[in-house]
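S.K.: need coordinates for the below:
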Amino acid sequence: MKLKKQKRVIAMALTIMVLVTLVACQPTPEKPFINGNSDGDLNTPQATFSNAETPKTVTETIQKGNLSLDIDAEVSLPDNEDFYLYPAGNFDFSSEEFQKKAVSVFFGADNTSKVEANKKENEGYYRYTQKIDNGESSLTIESQKQVVSFISYMLHSNVDTSEANKYAENETIDIGMVETQAIELAQNTVDGLGFEGYKPGFVGAFGKLDDHQRDFYEIVFSRNVDSTEVLNVNARYRSQDSSPLDDKIIVTIGEGGLWMLGMCVTELSQKTDKVSVVSFEDALADFKQSGIAKLSATLSQGTKYTVTKIQLAYVYAQSENTAQDLMLIPAWVFFCKGEEKLDNGETFTFFINIAVDGITGKVLN
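M.R.: Numbering: from 1, shown residues only. Here you go, the predicted model:
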């Protein structure tokens with residue numbers, strides 16, 4: 001009886017942990033952007049994006065007054081050279097169709113009716129549970145917060161995704177399957193939920209501190225549109241933090257299979273206008289002028305920044321002159337690694353991603 005009570009407490013704590021991680025995770029859009037196709041008076045840059053004319057790496061130092069910013073970055077490009085605008089909105093997690101599909105994926109098609117009988121519902125909050133052995137699996141859907149989380153009965157304690165608990169690339173973990181099998185299982189789960197275009201980005205192996213007693217893989221899926229990754233450009237997070245950001249699905253695979261899943265996804269409409277993307281040179285020029293201004297406050301306080309990556313991607317932005325408020329647009333994203341010296345002598349590492357509007361060539365606000 002005591003063991004059951006402990007496991008219920010653990011399950012509740014893990015649910016809270018996942019929901020706190022994902023709460024309010026609707027894409028936080030940059031703003032504003034202007035649809036260049038509908039405003040002929042825009043001062044549009046002359047050059048347009050060309051894969052062949054974009055450098056593979058950039059190394060230089062930007063100097064602005066007494067402030068400096070290092071760039072030591074590789075330039076990441078998608079396979080395609082055509083880009084479009086995509087109207088975006090909230091995904092309807094409260095729909096009966098999605099919930100039936102989710103229950104079938106997480107609990108098995110044969111158990112759907114039994115699990116649905118245990119459904120609890122209260123003002124946009126839905127909870128499905130299934131008792132197995134001495135544990136309980138749970139699916140929690142908070143449609144108003146755009147949060148969905150699943151916790152398996154196989155997960156008996158917290159998962160540690162700290163850097164100290166992470167295995168190095170040449171180290172192996174033991175969960176009864178190899179990494180490729182874990183990724184395949186995670187991908188099948190995401191596909192089964194009906195979300196297309198999500199591909200594994202970050203894959204981490206954890207359990208080092210527990211001497212292989214609680215090994216697991218954490219696999220973070222990001223959305224890809226037109227073979228181009230969708231990025232959250234407002235992120236500021238510790239380098240050791242691998243929690244899901246906007247429009248992400250995070251899957252934990254351990255011994256026995258799926259341990260945990262958390263997600264926050266956006267509903268995309270059919271693409272509208274085809275747009276021309278400004279050249280890398282134009283984007284870099286505006287970043288040198290305006291991008292450093294976004295970092296000036298902390299730069300002046302001694303924080304060191306290095307641009308480690310520049311990626312042509314899709315980001316969410318607010319439109320000024322279209323009927324749709326939120327749009328997915330192309331952008332050049334500059335990954336800025338920040339380092340601050342703490343009072344105890346340690347270095348606090350974080351990242352800020354600054355986006356240059358791919359249509360206008362201006363840094364997004």
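S.K.: can you name the next helix or strand after the worst-scoring helix or strand of the chain on mean pLDDT?
M.R.: Confidence across the helices and strands of the chain bottoms out at strand 236-238, with a mean of 37, counting by mean pLDDT, DSSP states H and E. Next helix or strand after strand 236-238 toward the C-terminus (DSSP states H and E): strand 248-254.
S.K.: report all helices and strands that that following strand contacts.
M.R.: Packed against strand 248-254, as judged by 3 or more C-beta pairs under 8 Å, 6 or more residues apart in numbering; DSSP states H and E, are the following elements: helix 179-192, strand 216-225, strand 257-264. Using the backbone N, CA and C atoms, a C-beta is placed for each residue, glycine as well.
S.K.: can you do 10 Å?
M.R.: Strand 248-254 sits against helix 2-22, strand 147-151, helix 179-192, strand 198-206, strand 216-225, strand 257-264, with contacts defined as 3 or more C-beta pairs under 10 Å, 6 or more residues apart in numbering; DSSP states H and E.
S.K.: so for it, mean pLDDT?
M.R.: This predicted structure assigns strand 248-254 an average pLDDT of 95.
S.K.: sheet partners, orientation included, of that strand?
M.R.: With DSSP bridges as the test, strand 248-254 is paired with strand 216-225 (antiparallel), strand 257-264 (antiparallel).
S.K.: JSON lines please, covering those and showing mean neighbour count and distance to residue 282.
M.R.: Written out in JSON lines, the entries for the strands paired with strand 248-254 read as follows (neighbours: other C-beta atoms under 10 Å; distance: least, C-beta to C-beta, whole Å):
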{"stretch": "strand 216-225", "mean neighbour count": "22", "distance to residue 282": "23"}
{"stretch": "strand 257-264", "mean neighbour count": "23", "distance to residue 282": "33"}
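S.K.: of all the ones you listed, which lies closest to residue 102?
M.R.: Each of those was scored for nearness to residue 102 using C-beta to C-beta, and the closest is strand 257-264 (9.7 Å).
S.K.: next helix or strand past the closest one?
M.R.: From strand 257-264, the next helix or strand downstream (DSSP H and E) is strand 266-268.
S.K.: helices or strands up against the helix or strand following that next one?
M.R.: If you walk from strand 266-268 toward the C-terminus, the next helix or strand you reach (DSSP H and E) is strand 274-275. Applying 3+ C-beta pairs under 10 Å, 6+ apart, one finds that strand 274-275 contacts strand 83-84.
S.K.: what sits up against the strand it packs on?
M.R.: Residues lying outside strand 83-84 but in contact with it, judged by C-beta atoms under 10 Å, 6 or more residues apart in numbering, are 49, 225-226, 228, 270-277, 312, 314, 328-331, 358-359.
S.K.: ok, of those, which come out buried?
M.R.: Among the contacts of strand 83-84, those buried by neighbour count (16 or more other C-beta atoms under 10 Å) are 49, 225-226, 228, 275-277, 312, 314, 328-331, 358-359.
S.K.: just these: which are in strands?
M.R.: Among the buried ones among the contacts of strand 83-84, the ones falling in strands (DSSP state E) are 225, 228, 275, 312, 314, 328, 329, 330, 331.
S.K.: just the pLDDT for the nearest residue to residue 192 once chain neighbours are set aside.
M.R.: The shortest distance from residue 192 to any non-neighbouring residue, by C-beta to C-beta, 6 or more residues apart in numbering, is to residue 105 (4.3 Å). According to the prediction, residue 105 has pLDDT 96.
S.K.: ok, residue 105 - contacts?
M.R.: Taking C-beta under 10 Å, 6+ apart, we find residue 105 in contact with 139, 150, 188, 189, 190, 191, 192, 193, 194, 258, 261.
S.K.: okay, domains of the protein per the record?
M.R.: Under the assignment named as automatic domain parsing, the residue ranges that make up the domains of the chain are 2-27+92-145+147-264, 34-87+270-357.
S.K.: avg pLDDT for the shortest one?
M.R.: Rounded to a whole number, the mean pLDDT of domain 34-87+270-357 is 83.
S.K.: does residue 342 touch residue 303 like I think?
M.R.: No - the pair formed by residue 342 and residue 303 falls short of the contact definition of C-beta atoms under 10 Å, at 11.7 Å.
S.K.: what do these two both touch?
M.R.: residue 348.
S.K.: more neighbours, the two?
M.R.: More neighbours surround residue 303 than the other of residue 342 and residue 303, with 15 against 8 (other C-beta atoms under 10 Å).
S.K.: what is the burial count for the closest residue to residue 361 other than its chain neighbours?
M.R.: When the adjacent residues along the chain are set aside, residue 361 lies closest to residue 278, with 3.9 Å between them (C-beta to C-beta, 6+ apart). The burial metric for residue 278, expressed as a neighbour count using other C-beta under 10 Å, is 27.
S.K.: same thing with residue 109?
M.R.: When neighbours are counted by other C-beta under 10 Å, residue 109 comes out with 10.
S.K.: list the contacts for it?
M.R.: 100, 103.
S.K.: relative to residue 208, how far out is it?
M.R.: Computed with C-beta to C-beta, to the nearest Å, the distance linking residue 109 and residue 208 is 37 Å.
S.K.: next: residue 278.
M.R.: Shown here: residue 278 relative to residue 208, a distance of 44 Å by C-beta to C-beta.
S.K.: now swap in residue 214 and tell me
M.R.: Between residue 214 and residue 208 the distance is 10 Å, computed by C-beta to C-beta.
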